[in-house]
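Trainee: sequence and computational prediction follow.
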Amino acid sequence: MTEIKLFDATNIDELVWPESQEGLFAKKLLVPLIQNGVDAYFKNIKTTMKLMSIDSLILPITINDEEMDNSYVCSFYSYYIGLGLNAAENLKNVFLKNSLQVLLKALGRFLKLGKIDKVVSINNWLFSTNIHPQLSKEQVFSIRTFIQNQFPHHAIVFRSINEMEEYSCVNALKNNQFDLVATRQIFFTDPKTPKVFESRLFKSDLKFLQTTEYELADLDAKSQDELSKSLALYNALYLDKYSLFNPQLNEKLIQLLADQKLFTFKTLKKNGQIEGIVGLYSMYGTMISPFFGYNTKISEQVGLYRLLSTILSLEAKNRGELFHQSSGASFYKSIRKATASLEYSAVYTKHLPFNRRISWKALQALMNHFAIRWMRKY
């Protein structure tokens, strides 16, 4: 069996970091989180983080018990119940809204009884989406066995699994008896597909970007005003408009991401003031932007979302990397030739008692057989 080791603040100095792009990224980001604590960088994430070394990979893992008021990146109760209730609140159909709220509250009580948040999440970077390496069947078996021995009372989870991006990883998980529980519909753009950038819509988007009155500029990491404004724009979109269960970053994290060049930050400015920003990074051949914000008080007709999305598409094209567009704005992305895919959490519970397993099985049945239609529609 492959040798696996765990590292925390007591022994992280002993860790031999792989000399790869992903290894360097992990070292610059994860060492501060381990040494200073996750709560020094995120306001609403309560978790114990450790680092797992396996072969030439360093994977962050998070250990949780029953912190159900947590951000959804560490709480499945928050993801399925908290976010679900947020979404139900926005429904205009009163009957559908009330019915969904009753269903979710009943499901929530059931999931609490099953200790749904007593989990160890593998390769959890604490962002809305995790990019996974192509793990082999043997590596997944080693991870599963090791974690099961170390944390015998916890479910073992890989968040953000999808069949488009990590086909061999999905097969490796299935072959190791992990169950796939649907989470959301996501979108990808492959820059190697010519039709994406040759379409009339993209050409129109590009012209819109080239002629905009906004100035495209890099984030000034030395400017406290720009860091504060960037965070305010992120909060206005992710927290105020969508949900407080989204990861609540602080300026210390943005400073770290910018200073260490972990994220590439692109801003749109008007009269010297930032009105829109994206923060992106690449891992294992996939580009993603977990940091996105714009002035939500400005009319949608101004097109800040469209401008930022075009910036990201161009960046993916220049890098030649698969662009993971996450979820949301499904109509906008679909008409621009993005490919839809379902995202899952891969969960292993075979070692747990029946009352723990049945809660996950019930959630899987509900999400995979009924909620998928909802995801694709909304």
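Mentor: Sure, I can see it. Residues are numbered from 1 along each chain as shown.

Trainee: residues in contact with R356?
Mentor: By C-beta atoms under 8 Å, 6 or more residues apart in numbering, the residues touching R356 are G114, K115, K118, A155, T349. Yep, even glycine has a C-beta here, placed from its N, CA and C like the rest.

Trainee: out of those, who has the most neighbours?
Mentor: Highest neighbour count within those, by other C-beta atoms under 10 Å: A155, with 27 neighbours.

Trainee: which non-adjacent residue is nearest it?
Mentor: Once flanking residues are discounted, A155 sits nearest to V119: 4.6 Å by C-beta to C-beta, 6 or more residues apart in numbering.

Trainee: tell me how far the one you found lies from N44.
Mentor: To N44, V119 is 17 Å away according to C-beta to C-beta, to the nearest Å.

Trainee: look at those two and report which has more neighbours.
Mentor: V119 (26 against 20).

Trainee: show the pLDDT at the closest residue in space to L107 that isn't next to it in sequence.
Mentor: Using C-beta to C-beta, 6+ apart and skipping the chain neighbours, the partner closest in space to L107 is I81 (6.7 Å). As predicted, I81 sits at a pLDDT of 94.

Trainee: for I81, give me its contacts.
Mentor: Shown in contact with I81 (C-beta under 8 Å, 6+ apart): L104, K105, L107, G108, L111.

Trainee: quick one: buried residues of the longest helix seen in the chain?
Mentor: Counting residues, the longest helix found in the chain (DSSP state H) is helix 94-113. Across helix 94-113, burial judged by 16 or more other C-beta atoms under 10 Å covers L100, L104, L107, G108, L111.

Trainee: which of the residues you listed sits closest to N123?
Mentor: Nearest to N123 out of the buried residues of helix 94-113 is L111 (C-beta to C-beta; 23.1 Å).

Trainee: that closest one against Y80, yeah?
Mentor: Yes. Between L111 and Y80 there is a contact at 7.1 Å, judged by C-beta atoms under 8 Å.

Trainee: intersection of neighbour lists for these two?
Mentor: L363.

Trainee: what sits closest to the residue nearest in space to the middle of the chain if chain neighbours are left out?
Mentor: Nearest to the mean C-alpha position of the chain, counting by C-alpha atoms, centre = their mean, stands T129 at 1.6 Å. Nearest residue to T129, sequence neighbours excluded (C-beta to C-beta, 6+ apart): S160, at 4.8 Å.

Trainee: what do you get for N295?
Mentor: E275 (4.7 Å).

Trainee: check contacts around the one you found.
Mentor: Y214, L233, L268, K269, Y294, N295, I298, L304.

Trainee: how much space separates it from L249?
Mentor: Distance, E275 to L249, by C-beta to C-beta: 19 Å.

Trainee: can you give me the strands in this protein?
Mentor: For the chain, strands defined by DSSP state E occupy the ranges 4-7, 48-54, 57-63, 119-122, 155-162, 179-189, 215-218, 264-270, 273-283, 286-294, 322-324, 339-348.

Trainee: and V170, which of those is closest to it?
Mentor: For the strands of the chain, the distance to V170 is smallest for strand 155-162, at 6.1 Å, taking C-beta to C-beta.

Trainee: show me what R184 is bridged to.
Mentor: Per DSSP bridges, the residues bridged to R184 are E343.

Trainee: so what's it up against?
Mentor: Residues in contact with R184 (C-beta under 8 Å, 6+ apart) are S327, L342, E343, M375.

Trainee: any chance of these in CSV, plus distance to S289 and pLDDT?
Mentor: Output for those, formatted as CSV (distance: C-beta to C-beta, whole Å; pLDDT from 0 to 100):
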residue, distance to S289, pLDDT
S327, 13, 90
L342, 20, 92
E343, 16, 94
M375, 21, 72
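
Trainee: closest to Q148 among these?
Mentor: Nearest to Q148 among these, counting by C-beta to C-beta, is E343 at 24.5 Å.

Trainee: from Q185, how far out is the closest one?
Mentor: Taking C-beta to C-beta as the measure, E343 falls 7 Å from Q185.
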